[in-house]
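Engineer: heads up, no residue letters with this:
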């Protein structure tokens, strides 16, 4: 299906800008719009623009156009979910404003303490450090097989400068991280800072992002979600007018095909609730239904999700803290949900024959998408088998929740040698699981991390063995 996308920098749009977009869509005969996984706006039926002069200041990406990638940011999470103490909404807006030209690469600008916006789905991922105004940079350029950590922290006001210099370098030739660092250092005079500790990404259960919720003492935030990702234009138009009336300056799009309005005055809360009620808007979907990531405008994916949600609901299964994704097999190879259902590609020779679709089920290491490591649980599964497998994984998640061993735990009593252990590199968060060994370095299955040679180093970032911290042990 041909889709037209509207780039919304950082997922942040003003009520006035959204009103313009709504009017434009109405003028072209549309009755709804959708949201994309990179916090952009999507026109499911396309736009019939006779000339690009009609676009104005808005940056559209038309079908078959490869240019234009949206900047993803966790601005949406500020003030309502966990956040790094120095990273305010104003700093996000200032950094986003530095990006004057539309990036050709995918850029993520995120706070590691929030869970709503994925950290590592960009080509360049700027992640806030504990030092005020300094960011880690994780790079995985197109055709790179693994993610690399930039060797210094980037100053807030140099983020866009860094990005454009890297974009310029990689447009000319393909380089590794060391060469990029050398070329950028030569070309720019920036205020970098030495990395004195590895990035720590704490695991938190996925937040509930819908409904009317308290924000501070005298304000509220409202999260809105449509299960079919088709947002009614008449509703959005009236909502923008209500935002104007309440002096609300920003509307935030999430990567979960929903949006959030922050700063609703306490004395206007009842007015908003009456508005939602008159429009028949449901703002209390269950967590089981909310936490799904689906490809836009693919009916098969929405139908599969509906089937799975209804079936799991019949069994009264809790999925608090888990997220689910539905994807076509190996579409991009990168996911950001706890559990992924992949639809297998039908061989070309069999396309004319009616064959039931089959699926693969994967889950993130420790059920944390930020580990970026997925384990295949089941392959070539029929649709009717999927609910049983998701129930099994849900139970596995709760059984393992909180079982990791604190790194400072000490015990003077002599213990049996563990059968298996799991350690994590503190530089790049890569895991060593003794159950699987490390084939890239010729280490067979079953070798404990504690038994590895002291010369062992991380397969991803080459950090020394001493940089690994224990996550879990399985005792005899």
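Structural biologist: Looks like it arrived, so ask away. Keep in mind the model is a prediction, meaning the values are calculated, not measured.

Engineer: going by C-alpha atoms from here, please, whenever you check contacts or count neighbours.
Structural biologist: Fine.

Engineer: and the helix or strand hosting residue 389, what does it pack against?
Structural biologist: Per DSSP states H and E, residue 389 falls inside helix 386-400. Packing contacts for helix 386-400, counted by 3 or more C-alpha pairs under 8 Å, 6 or more residues apart in numbering; DSSP states H and E, involve helix 299-314.

Engineer: and if we set it to 10 Å?
Structural biologist: helix 299-314, strand 339-343, strand 358-364, strand 374-382 (3 or more C-alpha pairs under 10 Å, 6 or more residues apart in numbering; DSSP states H and E).

Engineer: what does that helix rub up against?
Structural biologist: Here helix 386-400 makes contact (C-alpha atoms under 10 Å, 6 or more residues apart in numbering) with 304, 307-312, 315, 317-322, 324, 338-341, 358-363, 366-367, 377-378, 381, 401.

Engineer: what subset of those residues is buried?
Structural biologist: 307-309, 311-312, 319-322, 324, 338-341, 358-363, 366-367, 381 (16 or more other C-alpha atoms under 10 Å).

Engineer: partners of the closest residue in space to residue 339 that isn't next to it in sequence in the sheet?
Structural biologist: In space, residue 339 comes closest to residue 363 once its chain neighbours are excluded; the distance is 4.3 Å by C-alpha to C-alpha, 6 or more residues apart in numbering. Counting by DSSP bridges, residue 363 forms beta bridges with residue 339, residue 375.

Engineer: find the residue at the geometric middle of the protein.
Structural biologist: The centroid of the chain falls nearest to residue 118 when counting by C-alpha atoms, centre = their mean (2.3 Å).

Engineer: now that residue: closest residue in space, sequence neighbours ignored.
Structural biologist: Take residue 118 and drop its neighbours on the chain: the residue closest to it by C-alpha to C-alpha, 6+ apart is residue 336, 6.1 Å away.

Engineer: now residue 378
Structural biologist: Leaving aside its sequence neighbours, residue 378 sits nearest to residue 361 (C-alpha to C-alpha, 6+ apart; 5.2 Å).

Engineer: wait, that neighbour sits on residue 376?
Structural biologist: Yes. Counting by C-alpha atoms under 10 Å, residue 376 is a contact partner of residue 361 at 6.2 Å.

Engineer: what touches both of these two?
Structural biologist: 339-340.

Engineer: ok so, going back, make TSV out of the helices and strands packed on helix 386-400 and add distance to residue 442.
Structural biologist: Below are the helices and strands packed on helix 386-400 laid out as TSV (distance: least, C-alpha to C-alpha, whole Å):
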stretch	distance to residue 442
helix 299-314	40
strand 339-343	29
strand 358-364	24
strand 374-382	20
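
Engineer: in TSV, list these along with mean pLDDT and distance to residue 271.
Structural biologist: Shown next, in TSV, are the helices and strands packed on helix 386-400 (pLDDT from 0 to 100; distance: least, C-alpha to C-alpha, whole Å):
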stretch	mean pLDDT	distance to residue 271
helix 299-314	88	32
strand 339-343	92	39
strand 358-364	91	42
strand 374-382	90	45
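
Engineer: of these, which is nearest residue 274?
Structural biologist: Closest to residue 274 of the helices and strands packed on helix 386-400, according to C-alpha to C-alpha: helix 299-314, at 28.7 Å.

Engineer: now that closest one and strand 339-343, what's the angle there?
Structural biologist: Going by axes from the mean of the first three to the mean of the last three C-alpha atoms, to 10 degrees, helix 299-314 is angled at 140 degrees with respect to strand 339-343.

Engineer: lowest confidence element among the helices and strands of this protein?
Structural biologist: strand 468-474 (a mean of 75; mean pLDDT, DSSP states H and E).

Engineer: list the buried residues in the helix or strand harbouring residue 153.
Structural biologist: Using DSSP H and E, residue 153 maps to strand 152-155. Using 16+ other C-alpha under 10 Å as the test for burial, strand 152-155 gives 152-155.

Engineer: before we move on, the earlier item: next one: the residue nearest to residue 378 from residue 73, what distance?
Structural biologist: Distance, residue 361 to residue 73, by C-alpha to C-alpha, to the nearest Å: 28 Å.

Engineer: now do residue 235
Structural biologist: 26 Å.

Engineer: compare these two and say which one has the larger neighbour count.
Structural biologist: Set residue 235 next to residue 73 and count neighbours by other C-alpha atoms under 10 Å: residue 73 wins out with 31 against 15.

Engineer: give me the pLDDT for that one.
Structural biologist: Looking at residue 73, its pLDDT is 96.

Engineer: give me the low-pLDDT residue ranges for the chain?
Structural biologist: 1-2, 46-57, 64-68, 330-333, 347-354, 402-419, 472-476 (pLDDT under 70).

Engineer: start from the N-terminal end of it and give the helices.
Structural biologist: 15-27, 89-97, 159-172, 177-187, 233-245, 269-278, 287-290, 299-314, 386-400 (DSSP state H).

Engineer: so how far is residue 379 from residue 147?
Structural biologist: Counting by C-alpha to C-alpha - residue 147 and residue 379 are separated by 26 Å.

Engineer: should've said residue 309
Structural biologist: Distance of residue 309 to residue 379, computed by C-alpha to C-alpha: 21 Å.

Engineer: with residue 468 instead?
Structural biologist: 32 Å.

Engineer: please apply the same query to residue 345.
Structural biologist: Distance, residue 345 to residue 379, by C-alpha to C-alpha: 12 Å.

Engineer: any shared contact partners between the two?
Structural biologist: With C-alpha under 10 Å, 6+ apart, residue 345 and residue 379 have common neighbours 358-359.

Engineer: would you mind listing the buried residues in stretch 461-469?
Structural biologist: Neighbour counts over stretch 461-469 (16+ other C-alpha under 10 Å) mark 461, 463, 465, 467-469 as buried.
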